[in-house]
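**Student:** A structural model of the following input is requested.
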Amino acid sequence: MMLENNEQEMHPEESKEKAPTLFSVQLPKTVSFFLWFLFAGNMLYLVTSFNTLPNWNGAILRFNGFSLLIWTTVTFFGGLIGSYASSYLKGFRYHSRFMMLSLGFTTSVMLFVVSEHIVLMLFSWLSMGIFMSRLIGVESDWGEAQEASRFTQRYFLLGTLLLSAALCLLALYSNEMTLSGLINALHLIPFYIKLIAGLLVIAAALIQSAIYPFHRWLLSAMTAPTPASALMHAGFVNGSGILLTLFAALLFASNTLNVLFVIGGLTAIIAQFNKLLQVNVKQKLACSTIAQMGFMIMQCGLGFFTAAVTHLILHGFYKAYLFLSSGEAIAHSRPQKPPQIKIGPLQAMIVLIFGVLGAFLFAIWTGKGTQLDSGIFLTLIVAITVGQATYNIVKEKSLSVLQKIVVPPLLFIAGIGTYVLMYNGVSIVMSDIPMAAVPMPISMVQVAFGIVFLAGFFIMKLGVYRKIPWLYVKLMNLSQPYKKSILMYKSNS
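**Tutor:** Just a heads-up that it's a prediction; the model follows:
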């Protein structure tokens, strides 16, 4: 991500050292074409084999519907961002390096999702972090970029170390070296070992998704060019959703889902608070990504890994668009006072009605939330989302009263319909993943934290935190990047 006031650091015209060679011109185009070619092949295979999805397991690799889904998604983002970079980074002396690193990252994700042997899985997980840290510091003669690269790499190495410890522990007690073997042997492993391994897998996932308290690496990655930021926010942070899905059976067996639910919910609320404090549009997007990853982790904690995968795919599309269009947003924006939340009784009633209707429609179309289990919390999230969208509409001054009545139902029916269609499709594709969608019985932890979550949401929306100085300062400090990634070298120049 590039700070706009530092645009000169990465400006193509100031990054030229010599005339571009034919190789440096053709390589980015070739890589971009190759990624689009892979996407077209994966998409064609996914559509034509939807009713007969592949399911092949070997000693080193495995390939199934979930693998095909992630391959299709990651190659699309790789091709899209590569095409955007072809014009955005034109003349940038590290353009070819950027494209090769992007290709390396995409390949690492594809390799990770088909890894059956745990050594290959750990290698690909480590490779993802290395390629991403190199993308963050792609401009090798920019001091802050190198500081950010080293800072983020320490986080990624820690995540790999924790994941390695978890897999080695499971392998030691099961005498299995494959993912399928570990999952099938869980009933033979002592509970305390499964608990330790489950917590280690969770910690590795939290680091990759920049979940609190591991969020600072994402806030510090401001030196990456915008296409790299899009790849980071649309792809890299979502890797934790893939990891948790692959180890869903372990999380159930270790009884650690409530840990995910609580940590994800706290992150979602805190990150939304932090987003409101930011003045830089890309820093706002970073906080938004952290909040969305919190929601994804919450869905995993509820036992709905299919919902989490659906969320990460939709978030990838949305966040890639926001980052690639962030320059336009900056150009057409100007400083504004924080909006004051004032809503009349009638407007509040409309928001409540449409929120409840949205949740009801979601429950009917998906079957989630119709029984007394964790699916209720999934529908609650939908209700909050629909209510928020309805509030934004009823407070929009440019809309007439008739439009404010007609637009909300049309939007939430179309939005929920699209989500349900996506969710059901992902559920079919992931049907061979063990424990991918198993609702949890409602626990006191879920109820208590659900109340805390709702209270935090309304405190945030009503702006109460602005009247509590210590809370405001604490939230502001939480949202600060690593100082050497923004000030170290400029302060000495």
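
**Student:** make it CA atoms for all contacts and neighbour counts henceforth
**Tutor:** OK.

**Student:** check the gap between the closest residue in space to residue 441 that isn't next to it in sequence and residue 379 for me.
**Tutor:** In space, and not counting its chain neighbours, residue 441 is closest to residue 373: 4.7 Å by Cα to Cα, 6 or more residues apart in numbering. Plainly put, residue 373 is 11 Å away from residue 379 if you go by Cα to Cα, to the nearest Å.

**Student:** hmm, back to that, can you get me a residue count around the residue nearest to residue 441?
**Tutor:** Each residue near residue 373 was counted by other Cα atoms under 10 Å, and the total is 17.

**Student:** list the contacts for it?
**Tutor:** Going by Cα atoms under 8 Å, 6 or more residues apart in numbering, residue 373 touches 439, 440, 441, 442.

**Student:** kindly report the same for residue 352.
**Tutor:** residue 387.

**Student:** quick one: pLDDT of it?
**Tutor:** If you check residue 352, the pLDDT there is 76.

**Student:** lowest-pLDDT helix or strand in the protein?
**Tutor:** Sorting the helices and strands of the chain by mean pLDDT, DSSP states H and E puts helix 7-10 at the bottom, at a mean of 40.

**Student:** now what about stretch 122-141, what contacts it?
**Tutor:** 1, 10, 94, 97-98, 101-102, 104-105, 108-109, 111-112, 145-150, 152-153, 156-157, 160, 163-164, 221-225, 228-229, 232, 236.

**Student:** which residues of this protein fall in strands?
**Tutor:** Taking DSSP state E to define them, one finds strands in the chain at 55-57, 62-64.

**Student:** contacts for the last one?
**Tutor:** Think strand 62-64. 53, 54, 55, 56, 57, 114, 115, 116, 432.

**Student:** filter those down to the buried ones.
**Tutor:** 53, 54, 114, 115, 116 (16 or more other Cα atoms under 10 Å).

**Student:** lowest mean pLDDT across the strands of the chain, which one is that?
**Tutor:** Minimum mean pLDDT among the strands of the chain: strand 55-57, a mean of 88.

**Student:** what lies in contact with it?
**Tutor:** By Cα under 8 Å, 6+ apart, the list of residues contacting strand 55-57 reads 62, 63, 64, 65, 116.

**Student:** most widely separated two among the residues you listed?
**Tutor:** Spatially, the most separated pair among those is 65 and 116, at 14.5 Å (Cα to Cα).

**Student:** one step back: out of the contacts of residue 373, which sit inside helices?
**Tutor:** Using DSSP state H, no member of the contacts of residue 373 falls in helices.

**Student:** so can I have a markdown table of those residues showing distance to residue 73, neighbour count and pLDDT?
**Tutor:** Formatted as a markdown table, the contacts of residue 373 follow (distance: Cα to Cα, whole Å; neighbours: other Cα atoms under 10 Å; pLDDT from 0 to 100):
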| residue | distance to residue 73 | neighbour count | pLDDT |
| --- | --- | --- | --- |
| 439 | 26 | 20 | 80 |
| 440 | 28 | 18 | 80 |
| 441 | 32 | 14 | 82 |
| 442 | 33 | 15 | 82 |
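
**Student:** TSV for the buried ones among the contacts of strand 62-64, including pLDDT?
**Tutor:** Converted to TSV, the buried ones among the contacts of strand 62-64 look like this (pLDDT from 0 to 100):
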residue	pLDDT
53	86
54	87
114	95
115	95
116	95
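
**Student:** residue 203 against residue 159, yeah?
**Tutor:** Yes: counting by Cα atoms under 8 Å, residue 203 touches residue 159, with 7.2 Å between them.

**Student:** so, low pLDDT: which residues of the stretch 101-250 of the chain?
**Tutor:** Applying pLDDT under 70 to the stretch 101-250 of the chain flags no residue at all.
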